[in-house]
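Q: sequence below, structure please.
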Amino acid sequence: MSANRWEGERVRLRGVDPADWEHFQRWEMDSEAQSYGWMEHMPKGSEGAKKFAAEKSAALPDGENYFMIIETLDGTPVGSLNTHACDKVNRRFEYGISVEREHWARGYAADALRVLFRFMFEERGYNKVNAWVYAFNDRSRRFHEKFGMVLEGRARETHFSGGLFHDELLFGMTAAEFAALDATTTAS
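A: Just a heads-up that it's a prediction; the model follows:
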């Protein structure tokens, strides 16, 4: 493990800086990529993007819910990652991840998740992570399967996008499953 727990082999997780507004504004202009995430947002002007970045930068975590920038080890922001639905009683959490299109398929998302999961499982004591993937998002489905997450179920017609209702797929991983995967990844 790096001396900085927030660094992986390819990326580092960090808080949002006010200067990140340009990245947020650029990322929201990729409507197709946005539709793969939680929702497609209306484009913000520069002042709206500055306000969003400033608010995220100044915000303290909401319980165990975090919002972070994913950046390469040379400091290039490539996406964002958040935790949500953090349930300390049942020790489970969910996350959302977004990587800018030009940085897809470089291992950044997997590395970011390894960094996050180590923290949430080893330092915060969570036992389970869940991720919801829209059924039409084949790239994300393949990513989660390759990462080692288990397809646990399907919620029918729960997401509205492109004028249609779509199913959501539930992927999950336990702390023990991640520890076994992480030991294998670290050893290779």
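
Q: next, give phi and psi for the closest residue in space to Arg5 that isn't next to it in sequence.
A: Spatially, and ignoring its direct neighbours in sequence, Arg5 is nearest to Phe119 (6.4 Å; Cβ to Cβ, 6 or more residues apart in numbering). Every C-beta, even on glycine, is put in place using the N, C-alpha and C of the backbone. Note on Phe119: backbone dihedrals following degrees, to the nearest 10 are phi -70, psi -50.

Q: surely Phe119 touches Gly8?
A: No: judged on Cβ atoms under 8 Å, Phe119 makes no contact with Gly8 at a distance of 11.1 Å.

Q: which parts of this structure are helices?
A: 21-27, 31-36, 46-58, 108-117, 138-147, 175-187 (DSSP state H).

Q: for the first one, packing partners?
A: For helix 21-27, the helices and strands in contact under the criterion 3 or more Cβ pairs under 8 Å, 6 or more residues apart in numbering; DSSP states H and E are helix 46-58, strand 77-87.

Q: buried residues in the shortest one?
A: Applying a neighbour-count criterion of 16 or more other Cβ atoms under 10 Å, one finds 77-83, 86 buried in strand 77-87.

Q: same check on stretch 7-19?
A: 7-8, 10-14, 16.

Q: what does it contact?
A: The contact list for stretch 7-19 (Cβ atoms under 8 Å, 6 or more residues apart in numbering) reads 2, 4, 6, 50, 53-54, 56-57, 67-73, 78, 81, 106-108, 111-112, 114-116.

Q: now the helices and strands packed on helix 21-27 in a markdown table, with distance to Val133 and mean pLDDT?
A: Rendered in a markdown table, the data for these read as follows (distance: least, Cβ to Cβ, whole Å; pLDDT from 0 to 100):
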| stretch | distance to Val133 | mean pLDDT |
| --- | --- | --- |
| helix 46-58 | 24 | 86 |
| strand 77-87 | 15 | 95 |
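
Q: nearest to Asn137, out of the ones you listed?
A: Proximity to Asn137 (Cβ to Cβ) singles out strand 77-87 among these, at 15.1 Å.

Q: quick one: low-confidence ranges for this structure?
A: 1-2, 27, 29-43, 185-188 (pLDDT under 70).

Q: which residues sit against stretch 139-155?
A: 36, 104, 109-110, 113, 130-135, 167-173, 177-178, 181.

Q: may I have it as PDB, with CA atoms only?
A: Taking Å, rounded to 0.1, in the frame of the first residue of the first chain, the C-alpha atoms of stretch 139-155 are listed here in PDB:
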ATOM      1  CA  ARG A 139     -19.900  -1.400 -20.600                       C
ATOM      2  CA  SER A 140     -20.600  -1.000 -16.900                       C
ATOM      3  CA  ARG A 141     -22.100  -4.400 -16.600                       C
ATOM      4  CA  ARG A 142     -19.000  -6.000 -18.100                       C
ATOM      5  CA  PHE A 143     -16.800  -3.900 -15.900                       C
ATOM      6  CA  HIS A 144     -18.500  -5.000 -12.700                       C
ATOM      7  CA  GLU A 145     -18.400  -8.600 -13.700                       C
ATOM      8  CA  LYS A 146     -14.700  -8.400 -14.600                       C
ATOM      9  CA  PHE A 147     -14.000  -6.600 -11.300                       C
ATOM     10  CA  GLY A 148     -15.500  -9.600  -9.500                       C
ATOM     11  CA  MET A 149     -18.800  -8.300  -8.300                       C
ATOM     12  CA  VAL A 150     -21.700 -10.700  -8.300                       C
ATOM     13  CA  LEU A 151     -25.000 -10.000 -10.200                       C
ATOM     14  CA  GLU A 152     -27.500 -10.300  -7.400                       C
ATOM     15  CA  GLY A 153     -30.700  -9.200  -9.100                       C
ATOM     16  CA  ARG A 154     -32.800  -7.100 -11.500                       C
ATOM     17  CA  ALA A 155     -35.200  -4.300 -10.600                       C
END
